[in-house]
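**Q** have a look at this fold, sequence not included:
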């Protein structure tokens, strides 16, 4: 996975920091609202909403905030209407970028995204230019200290996951599942007495581009700037960074 495990953990820790600052609440409220609008307000019948609510709970968002966001999505309360958009482009070193946004003004957002990319050595591309590089998957991390590989493989085989990866350079096992199976698989792993470090629906690259030095540092600044934008929900990239550069992102 070319260091995806470590990067996923870094992103997760950053989300916890952003939660303490209240920054992530706005983005999660948008996601909950849109998920409820598109699939209804019952998380048991709406997997996207269920995942969004789980993320909100992870960062201790008050239940009242979650309920209001759902009610805005279902039309029970008045609220801003947000549209989904995915922008594709390139970062330093030719790294592929997939940027998911929720916005109430697509023209404004695309202009601002284009400016951020050009300012940090990237560029906006045409629709479809890099999306083929990524696959939507359920992604689970399990700390290697929590369970031995044979035990985890036995549980995973019984559950029926797509893949279990054990990179000797990483501290976690990586479990790949279909996006719609994420909640069920996570629950079954935990029921087997194995703690889950991270579970999310993500876009996994099929291939990676190694970058280092100035390009790597510029890439990290670009992602930070994109993720700080209020309309940006997720940024996916197919870079492979050196260990020392990855550590600086913490």
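**A** Right, received. Where do you want to start? Everything quoted here is computed from the prediction, not taken from an experiment.

**Q** what packs against the longest strand seen in the chain?
**A** In the chain, taking DSSP state E as the definition, the longest strand is strand 134-143. Judged by 3 or more C-beta pairs under 8 Å, 6 or more residues apart in numbering; DSSP states H and E, strand 134-143 is in contact with helix 4-20, strand 172-177, helix 182-191, strand 198-205. C-beta here means a position set from N, CA and C on the backbone, and glycine is covered the same way.

**Q** closest one to residue 158 among the ones you listed?
**A** Between residue 158 and these, the tightest spacing by C-beta to C-beta is seen for helix 182-191, at 8.3 Å.

**Q** any idea of the angle that closest one forms with strand 198-205?
**A** With axes from the mean of the first three to the mean of the last three C-alpha atoms, to 10 degrees defining the directions, helix 182-191 sits at 130 degrees from strand 198-205.

**Q** mean confidence score for helix 182-191?
**A** Helix 182-191 shows an average pLDDT of 92 in the prediction.

**Q** next, the buried residues of that helix.
**A** Neighbour-count burial for helix 182-191, counted by 16 or more other C-beta atoms under 10 Å, picks out 182, 183, 185, 186, 188, 189.

**Q** for the last one, list the residues it contacts.
**A** By that I understand residue 189. Residues in contact with residue 189 (C-beta atoms under 8 Å, 6 or more residues apart in numbering) are 140, 142, 155, 156, 159, 175, 196.

**Q** likewise for residue 228?
**A** residue 23.

**Q** show me where the chain has strands.
**A** 83-90, 96-103, 123-124, 134-143, 163-165, 172-177, 198-205, 209-210, 232-237, 239-240.

**Q** residue 188 touches residue 159, doesn't it?
**A** Yes - between residue 188 and residue 159 there is a contact under C-beta atoms under 8 Å: 5.0 Å.

**Q** could you list the domains of this structure?
**A** Domain assignment for the chain, taken from automatic domain parsing, gives 4-74, 83-132+207-248, 134-205.

**Q** for the closest residue to residue 137 other than its chain neighbours, give its distance to residue 196.
**A** Once flanking residues are discounted, residue 137 sits nearest to residue 204: 4.9 Å by C-beta to C-beta, 6 or more residues apart in numbering. Distance, residue 204 to residue 196, by C-beta to C-beta, to the nearest Å: 17 Å.

**Q** do the same with residue 73
**A** On the measure of C-beta to C-beta, residue 73 and residue 196 end up 27 Å apart.

**Q** looking at those two now, which is surrounded by more residues?
**A** residue 73 (27 against 16; other C-beta atoms under 10 Å).

**Q** mind listing what the residue most central in space within the chain touches?
**A** Geometric centre of the chain, nearest residue: residue 202, 4.8 Å, by C-alpha atoms, centre = their mean. Contact partners of residue 202, counting by C-beta under 8 Å, 6+ apart, are 8, 136, 137, 139, 234, 236.
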